[in-house]
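J.: Need a 3D model of the following:
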Amino acid sequence: MMSWELLLWLLALCVLILPLVQLLRFLRADADLTLLWAEWQGRRPEWELTDMVVWVTGASSGIGEELAFQLSKLGVSLVLSARRVQELERVKRRCLENSNLKEKEILVLPLDLTDTSSHEAATKAVLQEFGKIDILVNNSGRSQRSLVLETNLDVFKELINLNYLGTVSLTKCVLPHMVERKQGKIVTVNSIAGIASVPLSSGYCASKHALRGFFNALQCELIKYPGITFCNVYPGPVQSDIVKNALTEEVTKPMKNDIDQSYKMPTSRCVQLMLISMANDLKEVWISDHPVLLGAYVWQYMPTWALWLTSKLGKKRIQNFKDGLDPDLSYILQKTKKD
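T.: Numbering: from 1, shown residues only. As a prediction, the model looks like this:
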């Protein structure tokens, strides 16, 4: 009798402890749970991505540069694209110095994503150089820090042309090659702002929401090509130049450069998780520390409450912006707690 009572007590204890363990895991998470499971039990990038040809746009800094750097250590052939040729050459040197790649295995290909007429020729140049494109990483893009009522319409056009239409155009140029081979990966760096909109970034959020809609529809259209996979990556605040290079009220008006970003996720960690996503063919991944990660879940499952909460926090975000502070949502919550 005592043994049965003990067994029941142990079962009851497990029922109580397991949810607490899962809660603790979630509170310490820096990505969605599917991605973290893949990091623990899934396929490794060094097994799956070696010997591939990877084309990275926006490779001159931030996530794009770090992605090129980590990919170079996996033995892939790289195509580095952005507008700043000197920065691309710097990234190439960094990759060569820290890997076993040879000069001919990294192609610097300058590209203005808003010049859609150049995308076909760029695609042909890559195919001529390497004969194939295994992975296209759509990483180019710019953010925004300005209020709608104070922002010129040209800023919204620039964001749509670069973040959305430029990405769509390059994808359409690369896809026929992948369809012909019946294999390939399209990785698109979106943003948590493509799930949970925030004030001061209305044009940026709109462009990222557009990308989410486009690639979700495209995946359905290409379902008959199981060898062509899509991975949509949604990072939260990451240490990069995206805030420094953000558009403001006017296309030509620069952003302040003295914003502290030390509290954000290190770029190396973000890219590490991206590579795991690519190796495991995950369709959509969220990469962020809390509280932004929690905010994405709230937007997903309680959108009305999330919109109310965002509106309340938006006042603090806007005030931080006017005070010259980084208005990112995670920073607002940290400041709110301190206040």
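J.: Could you give the backbone dihedrals for the residue nearest the centre of the chain?
T.: Closest residue to the average C-alpha location of the chain: Val189 at 3.4 Å, with CA atoms, centre = their mean. Torsion angles at Val189 (phi, psi; degrees, to the nearest 10) stand at phi -80, psi 100.
J.: Now do it against Lys208, distance only.
T.: 10 Å (CB to CB, to the nearest Å). (C-beta placed from N, C-alpha, C; glycine too.)
J.: those helices in this protein, which residues are they?
T.: Along the chain, counting by DSSP state H, helices occupy 2-27, 33-41, 45-48, 62-72, 85-97, 119-130, 153-159, 167-181, 202-221, 267-279, 292-301, 303-322, 329-338.
J.: right, so of those, which gets closest to Val238?
T.: For Val238, the closest of the helices of the chain is helix 267-279, at 4.8 Å, according to CB to CB.
J.: Kindly calculate the angle that the closest one makes with helix 33-41.
T.: 90 degrees (axes from the mean of the first three to the mean of the last three CA atoms, to 10 degrees).
J.: before we move on, the earlier item: does the residue nearest to the centre of the chain have beta-bridge partners, and which?
T.: Counting by DSSP bridges, Val189 is bridged to Val233.
J.: same thing with Gly184?
T.: Assigned bridge partners for Gly184, using DSSP bridges, are Ile228.
J.: burial measure for it, as a count.
T.: Residues contacting Gly184 under the criterion other CB atoms under 10 Å number 23.
J.: Tell me which residues touch it, please.
T.: Ile133, Asp134, Ile135, Leu136, Val174, Leu175, His177, Met178, Gly227, Ile228, Thr229 (CB atoms under 8 Å, 6 or more residues apart in numbering).
J.: Of these, select the buried ones using a PyMOL command.
T.: Buried residues within the contacts of Gly184, by 16 or more other CB atoms under 10 Å, are selected in PyMOL with:
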select buried, resi 133+134+135+136+174+175+177+178+228+229
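J.: With pLDDT as added columns, please give the contacts of Gly184 in JSON lines.
T.: Below are these laid out as JSON lines (pLDDT from 0 to 100):
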{"residue": "Ile133", "pLDDT": "98"}
{"residue": "Asp134", "pLDDT": "98"}
{"residue": "Ile135", "pLDDT": "98"}
{"residue": "Leu136", "pLDDT": "98"}
{"residue": "Val174", "pLDDT": "98"}
{"residue": "Leu175", "pLDDT": "98"}
{"residue": "His177", "pLDDT": "97"}
{"residue": "Met178", "pLDDT": "98"}
{"residue": "Gly227", "pLDDT": "97"}
{"residue": "Ile228", "pLDDT": "98"}
{"residue": "Thr229", "pLDDT": "97"}
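J.: Flag every buried residue along stretch 122-142.
T.: Quick answer for stretch 122-142 (16+ other CB under 10 Å): 122-123, 126, 130, 133-142.
J.: if we can go back for a sec, any idea which of the helices of the chain gets closest to Lys256?
T.: Closest among the helices of the chain, once you apply CB to CB, is helix 303-322, at 9.8 Å.
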